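> below are the sequence and a predicted model for it; my questions follow.
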Protein chains: 2
Amino acid sequence: MAAATPPPKPLRGNPPTLDDLARALGVHKSTVSRAMDPARRHLIGADLLQRVQAAAQQMGWRPNRAAAALATGRSRTVGVLLPDITNPVFPPILRGIEDALDAEGCFALLANTARREGGVVAAQMAVERMLAQRVEGFLIATAVRDDAWLEGLHKSGAHIVLVNRTNDAPDSRGRLPAVISDDMLGMRLAVDHLVGLGHTRIANLAGPADLSTGRARREGFLQALAAHGLAPAAVVDGAAFSIEAGDAAMSELLGRKTRSRRLPYGCTAVVAANDLLALGALQALQRAGVAVPQSLSLVGHNDMPLLAQISPPLTSVRIQHYEMGFRAARLLMESLRGVPGSASTVVLRPELVVRGSTAEAPS
Amino acid sequence: MAAATPPPKPLRGNPPTLDDLARALGVHKSTVSRAMDPARRHLIGADLLQRVQAAAQQMGWRPNRAAAALATGRSRTVGVLLPDITNPVFPPILRGIEDALDAEGCFALLANTARREGGVVAAQMAVERMLAQRVEGFLIATAVRDDAWLEGLHKSGAHIVLVNRTNDAPDSRGRLPAVISDDMLGMRLAVDHLVGLGHTRIANLAGPADLSTGRARREGFLQALAAHGLAPAAVVDGAAFSIEAGDAAMSELLGRKTRSRRLPYGCTAVVAANDLLALGALQALQRAGVAVPQSLSLVGHNDMPLLAQISPPLTSVRIQHYEMGFRAARLLMESLRGVPGSASTVVLRPELVVRGSTAEAPS
DNA sequence: TTGTAGGCGTTATCAA
DNA sequence: TTGATAACGCCTACAA
């Protein structure tokens, strides 16, 4: 055979292209292209295939996704919007998302929408940039419920899956696919646990009503109580899902306290809508000298890391964060592929993790 | 003029292209292209510019970065490698990275390299995929020190900035630009604080020696002690930067204890290389009935969230995580732009946050 | 089983 | 100041 194949063109500093490979092998680039595509490899002669792969390896060829994206319209990226990765709920969600995307050869483009400049605008700008990158779809975990831009994005035909939240469209037609935790159930687990411990005067430290989880958990609390024929001892609104808000809200609740001997704090147990709120509440309680759980039981929500390390260890409702992200990403991938039977909403089961912050109701 | 410009081609479902715009305006696409580029806008007639922008707005044009990437070779993405976003040190770092990238119109492609399948391979695969996406550079926060793939990547000409770690190349020529915390100083702050409280028998709960922070902090501890003319009471190696490892290491240390009356635990203070190790140590201490800080003082490192909520609140060395990510990303951007005077290594100052886990040495 | 031709949406380099 | 033309690297018919 050709004793001396022509040297494969003075190497540039850039990675070689399919065409470079093709020339080096004396075949056409479309042949090489086929050899590189698992789905069409079978059209290639076994020996040629060998040579192509060897050459690719040796010359250091790498696919150029930018070019492929231009040609096919598939960028292999999806946009992920969340308020702030610094909030401990989101890392496991993101991790799940990336593991699922990774399995499909996709990357996430991330945006933290809770910027100093103000949430909505940041989200819109992020979406704009992601659209420019031609993301194939969106995973949205931003919290605000009434965002019009979401509606607009949806109507523009973008593929969207919501994570850890839902949108409340008036018609069910406008309801977007979502992966959420069963917040109703979560609150029921918390309430049932407390009732089982003999508590009947239970208060709720609720989250902001304009966040979907905030609203769902407040409602779940009320329903769970009602199922036991109980009325809420109190419902205080936290201004945010934060330690400070929890502290403030709990302080307010303590201020309200009915000074009865049997019920010095107006209740014997508090269910917080979120662990941060619970931690803030704990802070306020300790400052006020209220013994947890002896005088007051406390339950959080999310089971974020390190809850077992604090004192008392916080009882909390554990959400399947990782799974939530993973399933959401898979759902999106399926909807992109046009899989027909793909579920439109997935509800994950939370579980109660009982620790030291809850105990029998004081007699 | 042309009373009836030909209808601008039956709208496809896809976003319009520059050429679509150009046709609608009766100009050439390269003109429109120029109008869209801030750097070349000035070449365009003022009125035309107006019309182009209006049309773009009205027809809903968006830049197609995939096409631009192909034409220019600039993808506007950078690869970010970190062990696991679920580890609380990384979210703020990532946040900093993204804020900095965002300002330049870039996105991060993220990979968690601490997969179940084993770290190194995962990192290599991630790099491979990122290279395919034609990322412009890499921000690397993976921890292992001896990774050959890093060296390979570097030699292949990739732009790299290390975050929260360094590589120890034999020659300083092979040393990569990095943004790190001053671990020596951090340990000195911790040791000085303890010495100031009267401690002279201080032990180190060190991290794995194959991680760059693990080694630097161990060394920093020894140097800081030496500066006071003290010898270490003990140095125990944690198997990992985790609570479990901290628990195990502390248990071991307690096992070693010299049963002297004055020094029941062989030391009066422990400096951990990391907060998780410290938390594990705390766990072991509480189990063993050792009072912190009355019998033993404990210092962590990183000042991760919620340290103030545990009991006792943990004294810790605070690292500038966000800043670290931000600076690293900026450094990378500069090196891409070929900025000449760009620093090659940035060392950030940690500070000590004193809380309840440290107190005067027991007399 | 392999080759040919054209196009994906931008940018860059000349001309005009 | 604007237009024409040719890449950029890959994919997809269709033809051979």
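Nice, I can see it. Numbers count the residues shown, from 1 in each chain, chains lettered A, B, ... in the order given.
> for residue A:318, give the beta-bridge partners.
Applying DSSP bridges to residue A:318 gives these bridge partners: residue A:302, residue A:351.
> wait, it touches residue A:354, no?
No - using Cβ atoms under 8 Å, residue A:318 makes no contact with residue A:354, being 10.6 Å away. Just so you know, the C-beta spots here come from the backbone N, C-alpha and C atoms, and that holds for glycine as well.
> these two: who's more crowded?
A count of neighbours by other Cβ atoms under 10 Å in any protein chain shown puts residue A:318 above the other of residue A:318 and residue A:354, at 19 against 13.
> which residues are in contact with the more buried one?
A:302-303, A:350-353 (Cβ atoms under 8 Å, 6 or more residues apart in numbering or on different chains).
> which one of those residues is nearest residue B:160?
residue A:302 (36.4 Å; Cβ to Cβ).
> how much space between the closest one and residue A:274?
6 Å (Cβ to Cβ, to the nearest Å).
> could you check which of these two has the larger neighbour count?
A side-by-side neighbour count of residue A:302 and residue A:274, using other Cβ under 10 Å, places residue A:274 first with 30 against 25.
> now do the nearest residue to that one once chain neighbours are set aside, the pLDDT please.
Sequence neighbours aside, residue A:241 is the residue nearest to residue A:274 in space, at 4.7 Å (criterion: Cβ to Cβ, 6 or more residues apart in numbering or on different chains). We have a pLDDT of 92 for residue A:241.
> same check, this time on residue A:258
Taking residue A:258 on its own, its pLDDT is 67.
> same check on residue A:301?
97.
> give me phi/psi at residue A:91?
With angles defined as degrees, to the nearest 10, residue A:91 sits at phi -50, psi -50.
> got the contact list for the residue minimising distance to the centre of chain A?
Centroid-nearest residue in chain A, with Cα atoms, centre = their mean: residue A:93, separated by 4.1 Å. Taking Cβ under 8 Å, 6+ apart, we find residue A:93 in contact with A:82, A:141, A:163-164, A:321-322, A:324-325.
> ok, these vs DNA strand C, which is closest?
residue A:82 (27.8 Å; Cβ to the nearest atom of the strand).
> re earlier: number of nearby residues for the residue nearest to residue A:274?
For residue A:241, the count of nearby residues is 25 (other Cβ under 10 Å).
> next one: residue A:111
23.
> immediately after the helix or strand harbouring it, which helix or strand?
Using DSSP states H and E, residue A:111 sits in strand A:107-112. The helix or strand immediately downstream of strand A:107-112 is helix A:119-132, counting by DSSP H and E.
> skipping its backbone neighbours, what lies nearest residue A:159 in space?
residue A:137 (3.5 Å).
> show me what contacts the residue of the stretch 251-363 of chain A found nearest chain B?
The stretch 251-363 of chain A approaches chain B most closely through residue A:311 (3.6 Å), counting by Cβ to the nearest Cβ. Applying Cβ under 8 Å, 6+ apart, one finds that residue A:311 lies in contact with A:356, B:310-311.
> let's go with 6 Å and repeat that
Contacts for residue A:311 (Cβ atoms under 6 Å, 6 or more residues apart in numbering or on different chains) come out as residue B:311.
> next, it: phi, psi?
Dihedral angles for residue A:311 - degrees, to the nearest 10 - are phi -130, psi 120.
> quick one: residue A:109 from DNA strand C, how far?
18 Å (Cβ to the nearest atom of the strand, to the nearest Å).
> hey, what's that residue bridged with?
residue A:79, residue B:109.
> so where's the stretch 51-200 of chain A shaky on pLDDT?
A:116-119, A:146, A:169-173 (pLDDT under 70).
> who in it is up against chain B?
A:62-63, A:65-67, A:69-70, A:75, A:85-86, A:91-92, A:94-95, A:107, A:109, A:131-134 (Cβ under 6 Å from any Cβ of the partner chain).
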